[in-house]
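Engineer: Please find the sequence and the predicted model below.
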Amino acid sequence: MADAEINETPRASRSKKPHVAREVSGTLPVFDIQGLSIVYRSGAKDTKAVTNVDLALMPGEIVGLVGESGSGKSTLAYGACRLLRPPAIITKGNVMYRGRRVREEGMSVLDQSRSELREIRWREIAIVFQSAMNALNPVLKVEDQLFDVMDAHLSLSRTEKRERAESLLDLVGIARDRLKSYPFELSGGMRQRIMIAMALAVDPEVVIMDEPTTALDVVVQREILSQIVELKDRMGFSVLFITHDLSLLLEVANRIVVMYAGHIVEVGTAEQIHREPAHPYTRGLLNSFPSLHGPRRELAGIPGTPPDLSQLPPGCPFMPRCTFATEKCQEVDMKLSPVDASKDAVHTTACPFVKPEDHVAQVNVRTRAAK
Amino acid sequence: MTEQTKTSESAVGDVVLEAVSISRDYYLGRGRSGPVLSAVRDVSLSLYRRGVVAIVGESGSGKSTVARMLAGQETLTSGEVRLDGKVVHLKHRRAFRAYKREVQMVFQDPFASLNSVHTVRHHLERPIKIHRGIQGKQAIEEEMYRLLTLVSMTPPELFLPKYPHELSGGQRQRVAIARAIAASPRVLLADEPISMLDVSIRLDILRLLSDLRETLELAMLYITHDIASARYVADEILVMYAGEIVERGPAEEVTQSPAHPYTQLLVSSAPNPDALGSSLKTGTKIVPGQAGSALSSIVGCRFSPRCPFADEQCRTTRPPIVPTNDGRLVACWHLEQAAPSSVALTTKPRTTRAKKVLEKPD
Amino acid sequence: MSTSVIPITAVPPVGKSRRKFSSYPLKARIGAIIVGVFVLLAIFGPYLAPFDPSATKNTQAYPVGPNWTHLLGTTAIGGDVLSQMLVGIRATVFVGLTAGVIATFLSVLVGVSSGFLGGASDEGLSLLTNAVLVLPALPLLVVILGYLPQASNLVTAFVLSVLGWPWGARVIRAQTLSLRRRDFVAAARETGESTWRIIVSEIIPNEVSLIAASFVGTVLYAILTSVALTFLGLGDLSNWSLGSMLYWSQNGNAITLGAWWWYLPPGLAVAFLGMGLVLLNFGLDELGNPRLRDATGQHKIAGHVWRPADPTPVVRDSDLVKRGLFTRGFAALRQGVRPVRSSVAKGDDVETTIKGNADG
């Protein structure tokens, strides 16, 4: 019963009245980051963690955000929700949230006060953290933590809360009697599911998942991923999925956004990224993980290390590690442009020179594969 | 398995380190009355010069315990470890040090395995002084330079005075590896050396380990939960579940045509970029289940609660690990259902290859 | 978890690299200055004393207030209070430091061995620690010092340290227990280090801030207790110390006579010294535990002070360009910097948790 309630709320109602016009005239993104720049300011020195980033999350979409540590992917997500602490500051850009519960023209996240932000967080934009053990309160039962989230945003009676909590556990595939458990009594996979249940407790429209499966075993990881995809289809929220593992995203995400040194270097559908990666960095990432299926490929990886964000050279930040690099790269402005102008603008890259069909002699790797 | 695998391993050298049906029990209660967790049961393996053996399993499968037992960091409940065919006894400090000269371990988390109050110099200087008997400041300095260059941390003089917090994850793992090879061991036990690192750095470290195996002629044990990386690094793969080996064989065979139902589950769970989400999006059902239990009270096959082929026999009797016609060993009662192409050669229980070696009159 | 190249809170890494004094927490700095002044007085005070502190004037029968000869006045029998202070600080600081050194040595010895060795030695040492811990210290001190033939400062310090080590030992044991399980200890064993060497070179350096805090805490306890005991007449009354000054002023009815200059200076000195030690202790705590520092850390950005619980500040570049044209305060208004102040609330849970998780 409560299950039905949770199922019903989402986009079924969205297609009704007030939003019809919007849907017809091409859907607007539910979470829209426009030209966002974030720096860490210490003294006179700025560390440019995120530079001029556009990222739109459409309703019901899973967007994957991929990059190495230090690429700014988490900073971008947390900064857009204004969760970063000073000395992080947002220096540029806009973040619009257009959920069905806010006014039609959307809401600018950067203009909200602290208490207004508290209203949106979790209710509208929920976050699933990487380490469920750290994010869950060790001295509270699962039940109480779920109730806390509901109490903060909904006014429900105790029975209603219990019903909702039970149906949430059903949703994420955990036995109802686990409501009485403490986090330490649960396995890592179960804790992560509880985190997902908590994120979904008040029916948010955007769920940000920060490496939700990185700490888990492959089998559990797969179970949780398929759960996320299934829940998304049933409840209609949008997902921003942050990870450093591109192979995972290729399977889960509709669209993939590749970040490097605070810049977005390539955006495309999973298929485009996989079959015709344009940016050399994306190619490097694709060439970094051993594949279990198919013939043993030679792996090239990405030579070198990420740049120091407090003293970025002019032009493309990937230049020092790029096998295609030329002198012209110093003048690249890192603006995204369509890979194939004749087709659509879905697949864009920040590299104006390298095309998907270009090949370069890759550094041969002496793993066992090479033999 | 012996014949077939031996030929495929022609490039590798002699056995250096052997584990002969080693087990490790933990008493969960206070004293010895409570339930017993047999974290590792009856595991045997051999590490060859220039060869890489991988143990693949989920967390809690006992794979790290095996590495720690081989490293002498964990005591054995039963079984024995042999170095060059001689049983290893580590009761005394001198014996332990001598053993460490031959067998070194690299830990999973480079953030935890380096002491944050010491510099890179300290971390490298100690093993050189302890194990190599190199005298003189100059000679030690040169040796440290050589080690850092081996793990491609150049220029060495730049890194020697650094503290771990001044290094990136990949650099720390390189230092940890340099420390391990500073003792110039013949065996390197790598316990999930890349799982804490970024995807783009993982390959570098794997490549480094591969290079070191070649140049230093190391025998390597590679512990991982990522069966795909095992495929790329290892000659032989051992799949562990709940403390037991369920399947072992040449890397390519095990990963490309897994025989044991658990190996099949592992392989099907690994991300498959080429499928572009087909299996996730079509909602292929995976047997849901919790991590395997290694409580010694479980009598049958430990995978049986999650296994689609499980029947009464599986739940009551532990399957022996037996050789198959395609050159591997599998512990499953229903191999003909699970992997029709692999046929068990004998129904006679033969626990391990090492047992076989034991039986041979010398 | 992978490394965070850009830490979500840019805390300078605590390493061994030379730090400027000004980079230490404010509390630690103030505390260090106060304690430093007292240590200097303990060393040089007796040489600065204008009079012999024990000198008396037979002609005098009542305390004389501060005057140009006796800056802090005199006692009832004409002793110079300032000189007594300058001489007496040495004894008090000596008792505190001696007790601190001995007690800290004992706590490290017991705490580290108990935590690292485990098993039966741990059980035995923990039992001993707890047994000493539950002994009622003050009554016991009164009894011991009362029975000792002569209660010199050294004896007092010794008795205080014998009763004062268990608190530190417990904390250090707990810390050692957690450090013992770390990989770097296993790695040191891999290297072939001996147990003794692992303790001294790997474990103890990681506990320096804890040991320092425990030392400072013990010094504080020893100073306060020794002053109290001497005041009760149980300490060394034949030498000048802050405690014996208080004892003699009480004995001489200083309060009834309204001779505030007699009892207030030593009292205030004890209070200041105690405060300095407490501040130093807190400061050391913050140094060893950056989370504590974070919780109070504020950042001044664009002329406005941001507290950790505030949402991410928005300071647009375009505003910064204009900034030069306006005065600081006005510029802050222009930038649309909107400080939102309220006490710690629900949303903060989220903020605390990302600290550990954020990556990239």
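Structural biologist: Nice, thanks for sending it over.
Engineer: Now do the contacts for residue A:68.
Structural biologist: Residues touching residue A:68, when contacts are defined by CB atoms under 8 Å, 6 or more residues apart in numbering or on different chains, comprise A:244, A:260, A:306, B:198-201, C:360. The C-beta positions use only the backbone N, C-alpha and C, and glycine is treated the same way.
Engineer: Going by secondary structure, it is in what exactly?
Structural biologist: Following DSSP states H and E, one finds residue A:68 outside all helices and strands.
Engineer: follow-up on the earlier one: taking the contacts of residue A:68 one by one, which sit in strands?
Structural biologist: Using DSSP state E, the members of the contacts of residue A:68 that fall in strands are residue A:260.
Engineer: can you redo the contacts of residue A:68 as CSV with distance to residue C:154?
Structural biologist: Formatted as CSV, the contacts of residue A:68 follow (distance: CB to CB, whole Å):
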residue, distance to residue C:154
A:244, 62
A:260, 67
A:306, 60
B:198, 59
B:199, 64
B:200, 64
B:201, 59
C:360, 58
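Engineer: Specify which member of the contacts of residue A:68 is nearest to residue B:171.
Structural biologist: Looking at the contacts of residue A:68 and their distance to residue B:171, the nearest is residue B:201, at 9.2 Å (CB to CB).
Engineer: returning to what we had before: among the contacts of residue A:68, name the buried ones.
Structural biologist: Buried subset of the contacts of residue A:68 (neighbour count, 16 or more other CB atoms under 10 Å in any protein chain shown): A:244, A:260, A:306, B:198-201, C:360.
Engineer: and those, which two are the farthest apart?
Structural biologist: For the buried ones among the contacts of residue A:68, the farthest-apart pair by CB to CB is A:260 and B:201; their separation is 14.2 Å.
Engineer: Among the contacts of residue A:68, name the ones in helices.
Structural biologist: Using DSSP state H to define helices, the subset of these located there is B:199-201.
Engineer: Ignoring the adjacent residues along the chain, who's closest to the residue of the stretch 201-350 of chain B found nearest chain C?
Structural biologist: When distances are taken as CB to the nearest CB, the stretch 201-350 of chain B approaches chain C most closely through residue B:201, which lies 8.6 Å from it. Taking CB to CB, 6 or more residues apart in numbering or on different chains, and ignoring the residues beside it in sequence, residue B:201 has residue B:170 as its nearest neighbour in space, at 3.9 Å.
Engineer: Just list the residues touching residue A:292, thanks.
Structural biologist: Listed by CB under 8 Å, 6+ apart, the contact set of residue A:292 reads B:227-228, B:231, B:255, B:267, B:270, B:272.
Engineer: again, only this time at 6 Å
Structural biologist: For residue A:292, the contacting residues are B:228, B:255, B:270, by CB atoms under 6 Å, 6 or more residues apart in numbering or on different chains.
Engineer: how about those residues in a markdown table, adding pLDDT, neighbour count and secondary structure?
Structural biologist: Supplementary listing: the contacts of residue A:292 in a markdown table, determined by pLDDT from 0 to 100; neighbours: other CB atoms under 10 Å in any protein chain shown; DSSP: H, G, I helix; E, B strand; the rest coil:
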| residue | pLDDT | neighbour count | secondary structure |
| --- | --- | --- | --- |
| B:228 | 88 | 22 | helix |
| B:255 | 90 | 25 | helix |
| B:270 | 82 | 21 | coil |
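Engineer: Any residues of the stretch 101-250 of chain A in contact with chain C? List them.
Structural biologist: Contacts of the stretch 101-250 of chain A with chain C, taken as CB under 6 Å from any CB of the partner chain, map to A:110, A:113-114, A:117-118, A:121, A:129-131, A:134-135, A:152.
Engineer: care to break chain C down by domain?
Structural biologist: In the assignment given by automatic domain parsing, the structural domains of chain C cover C:25-296, C:299-354.
Engineer: what about whichever residue of the stretch 1-150 of chain B sits closest to chain A, neighbour count?
Structural biologist: Of the residues in the stretch 1-150 of chain B, the one nearest chain A is residue B:58, at a distance of 4.0 Å by CB to the nearest CB. Residue B:58 is flanked by 22 other residues according to other CB atoms under 10 Å in any protein chain shown.
Engineer: still on that earlier bit, for residue A:249, find the nearest of the domains of chain C.
Structural biologist: Closest to residue A:249 of the domains of chain C is domain C:299-354 (CB to CB; 21.2 Å).
Engineer: Now residue C:69, what are its backbone angles?
Structural biologist: The main-chain torsion angles of residue C:69 are listed as degrees, to the nearest 10 and equal phi -80, psi -50.
Engineer: quick one: contacts for it?
Structural biologist: Contacts of residue C:69 by CB under 6 Å, 6+ apart: none found.
Engineer: quick one on the thing from earlier: quick check: of the buried ones among the contacts of residue A:68, which lies closest to residue B:166?
Structural biologist: Using CB to CB, the shortest approach to residue B:166 within the buried ones among the contacts of residue A:68 belongs to residue A:306, at 15.4 Å.
Engineer: Residue A:79: what's it in contact with?
Structural biologist: Applying CB under 6 Å, 6+ apart, one finds that residue A:79 lies in contact with A:38, C:312.
Engineer: likewise residue C:159?
Structural biologist: Contacts for residue C:159 were tallied using CB under 6 Å, 6+ apart; they are residue C:144.
Engineer: Show the subsequent helix or strand relative to the host helix or strand of it.
Structural biologist: When elements are defined using DSSP H and E, residue C:159 is found to belong to helix C:153-164. Per DSSP H and E, helix C:153-164 leads on to helix C:166-180 as the next helix or strand towards the C-terminus.
Engineer: distance between the next helix or strand after that following helix and the chain's centre?
Structural biologist: Taking DSSP H and E as the definition, the helix or strand that follows helix C:166-180 towards the C-terminus is helix C:183-191. Relative to the chain's own centre, helix C:183-191 is displaced by 33 Å; criterion: CA atoms, centre = their mean, to the nearest Å.
Engineer: The helix or strand just after helix C:183-191 vs chain B: in contact?
Structural biologist: Scanning the chain past helix C:183-191 towards its C-terminal end, the next helix or strand to appear is helix C:195-197 (assignment: DSSP H and E). No. For helix C:195-197, no contact with chain B is found by CB under 6 Å from any CB; the gap never falls below 8.5 Å.
Engineer: and the lengthiest helix in chain A, what does it pack onto?
Structural biologist: Scanning chain A for the longest helix, with DSSP H as the assignment, gives helix A:218-235. Secondary-structure packing of helix A:218-235 (3 or more CB pairs under 6 Å, 6 or more residues apart in numbering or on different chains; DSSP states H and E): helix B:261-269, helix B:278-281.
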